[in-house]
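# predicted model and sequence follow; I will ask about them next.
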Amino acid sequence: MKGTTARVAWALALAFVVLTASVFLGANAKLLALDMGSDTTKIALVKPGRSPVTLVTNEMSKRKTPSKVAFNKGARLFGEAAAAIEQRYPQDVFSRIRDALGQTTGEIENKVYADTFRPYKVSEEKGKVLFEVEGGEKYSSEELTGMLLEYFAGLGSDFAESKDMLKNIAIVIPSYFGLKERIALVNAGKIAGVNILGFINTASAAALHYAKDKDFADKSEDIVFFNMGAAYTEAALVRFSSVKDPKTIGQTITKVEVVEQAFNAEVGSESFDLALTNHFADKYKADKSVDLRKSNKSMSKLKSACKKTKEVLSANTATPVNVESIYEDDDLREKITREEFEGLIDGEIQKAVQPLRDLLEKTGVEVDALAAVELIGGGSRVPAVQRQLSEVLGGRKLDRHLDGDEAAVMGAALFAANYSKSFVLKKMQLCEKFPYKLEAELVKEGEGAVKLPDLLEFNSLPGSLPIKVSNPNNEDFRLNVGYAGGEPLPPGTKDHYLASYEVSGKAEIDTAKYNVSEDTTAYLTLDVLGNLAMEAPIATGDYWESFNKTIRVVKEEADVEEEAEGEADKTDTDAGEGAEADTDVEPTGDAAAADAESGEGGSEPAGSSPEEEKEAEEEEEEEDKMPEMVEKVVTRRKRRKEVFTLKSKWLNPDDFVPGKKYIKHGAERLRNLTKADHNRRLTEEAQNKLESFILHTMSNCNDEDVEQVSTEGERDNIRSECEKAEDWLYEGGANAGLEEYVAKYDELEALWSAVALRLHEKQERPDALVRVRGKLSDYKKTLREWEEKKPWIPFEKLVNATAKCDEMVEWLDAKVKAQDKLKDHEDPVLTTKEMDAKLKLITKDVKKLQKIPKPKSAKDAEAKIEADASDKKADDKKGGEKDKDKDKGTSHEEL
């Protein structure tokens, strides 16, 4: 059946890898992996070299970068720059944008933004969350995420020193991401112009990193990975084992299987920050009768301070909390103990560890059977969280074999490397299941929707699942696919419905020829990027295929045999209804005898006894008495199977796949912003360069050395022009364009360049003269030595090179004499640049002479002459033979 093998292959687990070495070079081999969290993002670079996986540092040399973008005063800021202005402009700095992907306004506006003191103006249009930025412009969550992706790709490209932006990226996502969240992130990638290789869950990525240097050949291990990020908490049970490598005989590979996972998308480490923030806001209101919640700046400052307080309390039992100018000119001065902090967050901790409880309940795994419980994510560092986790595990010790911040992105780098052939890879097999069960319902014309009994569960991605539909009347029907009722839904998702597919074409099958089965089978596919699709459905049928066969029959009975054959066909037809497909109908009666007579038979023996000869004679006499046989063509039949490909139409593609106009429009807006950012940077650099040049030049005009190489009139003119440019820069030129700054700089630089040249020559010429004269003297000495040490160098070339050295010496003497007659403020007639240029030409000539090879010895020369003579003699002999053949009129080819 066409496509069956492919479906089975897609249903198998993906092969993932550990890098051991690089085999190809070039920018195309470089890949990026992103762990784009709600709060910060980690980036890993995969490149050729001894250390193929490297964590990328940002402009501030930090290993993680804030996942923030800001629109402030006409400029766009990212990462550290955006975080730096958040306390002053909280409404302009956007974070937790990823959490708005695939969502609509409502709960997300309140729970994700308003309740976390992010004063954003959020709206909705065509099912997408829109954020209003400075100036009233609105951008969707996909567009803002695309901006971040472009920025992170730029950081990775700069770190890799790549001329072109690295566009192939693998991304770590939360385990709770459903289809729409994944598709929205893919759209963000398209808008940013990056190619998303695939998605991998946080626990799965950390598991790959854990297994990269471990051997599970003789054992299997069950490990729980508990991850507490800024915005969510999750737990996963991962089984490590070994399986046979299907591509090699006798070898095994590591298998990493995500058995089960559980999550809470409403509790993360930021919940602890908010508990502290609300605590101190309430206390300040009680003490000062001022509600800080009414001031966005105050709450932004307080929240930032509380985040640091949480981190300090993870290592200390108490800490002060100080926020300057929390409200107007008043400062907040408080202190808190770890015990008080844990009391504030006790409820949040119970929610945070619930995924672990759910995981243990779902899997039924015994705690004692776990090889390890690994903690990842910043929130897992809080001591109270660790104590509660240990309590849930019956007092079991927790493990931290991995770097909680970097394990996921390093594992994602291995995942990304799987998409490149530029590395030598050690194979691993990852089975990562889709976290949600799906169901299908059947809708036929004139009938209500009927839910199909089997739930659709993708235990590996990409995957393919069959949906069987009983359709005895061969009518067209519709399949509605959605999240299974009674099962958890992705956070923020209210509707179970996902997609509808219309299946048609079965009625067009020729039922007169084919015995069509009642069932129609459709195959629902899901890939790692969240693309849900239905392959062309199929129906099966069978039919009888007739063929001719030649047999031998008695000539007199041929007519009777034909009638009997017709009856046999009828009998075969009735009997064949229950026969297996593709099985020949066996001949019977005379046909079988005829087949036996015309069969292969054994060969005659080499010799025979008298008794055997007598038997043979009797057989011959019997054959003479037998009636004459004739050949006859009869008809036989075979049962054949047929697979019919039906038609499938996706009825709601717009719900998942945005129009080309939307992507094109978003990409164009992003390009325009990027171009404007680039021009703004160039303008700022030109402005700073001009400002620095003005200040530096005005200061130099008072320098004693500058006074010696310039006139007072020159200095006054330079000062005057610099002062004019400075006044213009701080007044009307503050908002000038790039061209104006460049023009002003060139104008001032032209005035200063003559003075700068004189100053440079006055300072550098003496040393340059000593250096150049010394070089010329060395060259002349070397050339004289070569007359004896390297006699194979033509004498006239040595003479010419020496003459050039003498000429330059004379030129230098004349120039120095002329220069000595000039005053320091006059333009020089001898420059270091000119001296170096002339010396460079002589150096080039000397190096050419140095490279002339020494000729071979006389003995070698004679041997070469004899070899050349021998080769010539052999060639002459071959030529003579060819001439003889030509004279004979016969070519080698003819011979």
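Thanks, I have the structure now. Numbers count the residues shown, from 1 in each chain.
# quick check: phi and psi at residue 761.
phi -70, psi -40 (degrees, to the nearest 10).
# and the residue lying closest to it once chain neighbours are set aside, how far from residue 386?
In space, and not counting its chain neighbours, residue 761 is closest to residue 828: 4.7 Å by Cβ to Cβ, 6 or more residues apart in numbering. All C-beta spots, glycine's among them, are computed from the backbone N, C-alpha and C. For residue 828, the distance to residue 386 (Cβ to Cβ, to the nearest Å) stands at 74 Å.
# just confirm the residue nearest to residue 761 is within a strand.
No: secondary structure of residue 828 (DSSP: H, G, I helix; E, B strand; the rest coil): coil, not part of a strand.
# begin at 25 from here
Okay, using 25 as the starting number, the last item reads as residue 852.
# from the contact counts, what lies against the helix or strand containing residue 182?
Element membership for residue 182, per DSSP states H and E: helix 165-183. The contact analysis (3 or more Cβ pairs under 8 Å, 6 or more residues apart in numbering; DSSP states H and E) places helix 165-183 against strand 55-60, strand 64-70, strand 93-96, strand 99-102, strand 152-156, helix 203-216, helix 684-724.
# got the buried residues for the fourth one?
This means strand 99-102. Judged by neighbour count (16 or more other Cβ atoms under 10 Å), strand 99-102 contains these buried residues: 100, 101, 102.
# try stretch 678-694
679, 680, 682, 686, 687, 690, 691, 693, 694.
# how about stretch 861-874?
862, 863, 866, 869, 870, 873.
# so what are the sheet partners of the biggest strand by length in the chain and their directions?
Counting residues, the longest strand in the chain under DSSP state E turns out to be strand 556-578. Sheet pairing of strand 556-578 (DSSP bridges) gives strand 539-550 (antiparallel), strand 653-669 (antiparallel).
# could you single out the most deeply buried of the ones you listed?
When you average the neighbours per residue for each of these (mean count of other Cβ atoms under 10 Å), strand 539-550 leads with a mean of 18.
# related to what we said a few turns ago, so for the helix holding residue 182, what's the average pLDDT?
Here helix 165-183 scores 96 as its mean pLDDT.
# can you check what angle separates that helix from helix 203-216?
50 degrees (axes from the mean of the first three to the mean of the last three Cα atoms, to 10 degrees).
# let me know the angle separating whichever helix or strand comes after helix 165-183 from strand 55-60.
Per DSSP H and E, the first helix or strand lying C-terminal to helix 165-183 is strand 192-197. For strand 192-197 against strand 55-60, the angle by the same axes, to 10 degrees is 20 degrees.
# I'd say residue 547 and residue 488 touch.
Yes: the pair residue 547 / residue 488 is scored as a contact, 5.2 Å apart, by Cβ atoms under 8 Å.
# sorry, back to before: tell me the one among the buried residues of stretch 678-694 nearest to residue 418.
residue 680 (44.3 Å; Cβ to Cβ).
# ok, for the closest one, nearest residue in space, not its chain neighbours?
Closest to residue 680 by Cβ to Cβ, 6+ apart is residue 207, at 5.3 Å.
# state the pLDDT value of the one you found.
93.
# list the contacts for it?
Neighbour list for residue 207: 126, 553, 554, 555, 680, 681 [criterion: Cβ atoms under 8 Å, 6 or more residues apart in numbering].
# about what we covered before: can you pull the buried residues of the helix holding residue 182?
Buried residues in helix 165-183 (16+ other Cβ under 10 Å): 165-177, 179-181, 183.
# how much space separates residue 368 from residue 747?
From residue 368 to residue 747 the distance is 60 Å (Cβ to Cβ).
# please disregard the earlier target; I meant residue 561.
82 Å.
# next one: residue 815
According to Cβ to Cβ, residue 815 stands 69 Å off from residue 747.
# what do you get for residue 458?
70 Å.
# more crowded one of those two?
residue 458 (23 against 12; other Cβ atoms under 10 Å).
# related to what we said a few turns ago, so which of the buried residues of stretch 861-874 comes closest to residue 248?
Distance to residue 248, by Cβ to Cβ, is smallest for residue 863 among the buried residues of stretch 861-874, at 72.6 Å.
# so which helix or strand takes in the closest one?
helix 856-874.
# give me the mean pLDDT for that helix.
Helix 856-874 comes out at a mean pLDDT of 94.
# what's that helix in contact with?
784-785, 788-789, 792-793, 796, 799-800, 803, 806-807, 810, 817, 821-822, 824-825, 828-829, 832, 835-836.
# ranges for the helices of the stretch 725-874 of the chain?
728-732, 736-754, 762-813, 819-844, 856-874 (DSSP state H, counting those that start in this stretch).
# tell me the angle of the second one relative to helix 762-813?
So the one you mean is helix 736-754. 130 degrees.
# name the SS class of residue 397, please.
Taking three-state DSSP, the label given to residue 397 is strand.
# please name the bridge partners of it.
residue 248.
# okay, now the unreliable bits of the stretch 575-724 of the chain?
For the stretch 575-724 of the chain, the stretches flagged by pLDDT under 70 are 579-638, 640-650.
# quick one: find the helix or strand in this protein with the lowest mean pLDDT.
helix 28-35 (a mean of 36; mean pLDDT, DSSP states H and E).
# contacting residues for the residue nearest to residue 734 when sequence neighbours are not counted?
What sits nearest to residue 734 in space, not counting adjacent residues and going by Cβ to Cβ, 6+ apart, is residue 779, at 4.5 Å. The contact partners of residue 779, by Cβ under 8 Å, 6+ apart, come to 730, 733, 734, 738, 739, 742.
# okay, now the first one: neighbour count?
Looking back up the chat, that one is residue 730. Look at residue 730: counted by other Cβ under 10 Å, it has 20 neighbours.
# can you tell me the closest non-neighbouring residue to it?
Spatial nearest neighbour of residue 730, chain neighbours left out: residue 724 (5.2 Å); criterion: Cβ to Cβ, 6+ apart.
# same check on the fifth one?
With sequence-adjacent residues excluded and distances taken as Cβ to Cβ, 6+ apart, residue 739 is closest to residue 725, at 4.7 Å.
# and the pLDDT for the one you found?
Predicted confidence (pLDDT) for residue 725: 92.
# which residues touch residue 427?
Counting by Cβ under 8 Å, 6+ apart, residue 427 has contacts residue 434.
# whoops, residue 281 was the one
By Cβ under 8 Å, 6+ apart, the residues touching residue 281 are 37, 262, 263, 264, 265, 454, 455.
# cool, and residue 464?
Contact analysis of residue 464 by Cβ under 8 Å, 6+ apart lists 475, 476, 480, 491, 503, 504, 505, 548.
# where's it relative to residue 488, distance?
From residue 464 to residue 488 the distance is 14 Å (Cβ to Cβ).
# cool, and residue 442?
Distance of residue 442 to residue 488, computed by Cβ to Cβ: 20 Å.
# number of nearby residues for residue 94?
25.
# re the thing from before, out of the contacts of residue 464, which comes closest to residue 276?
Closest to residue 276, out of all of the contacts of residue 464 and judged by Cβ to Cβ, is residue 480, at 31.4 Å.
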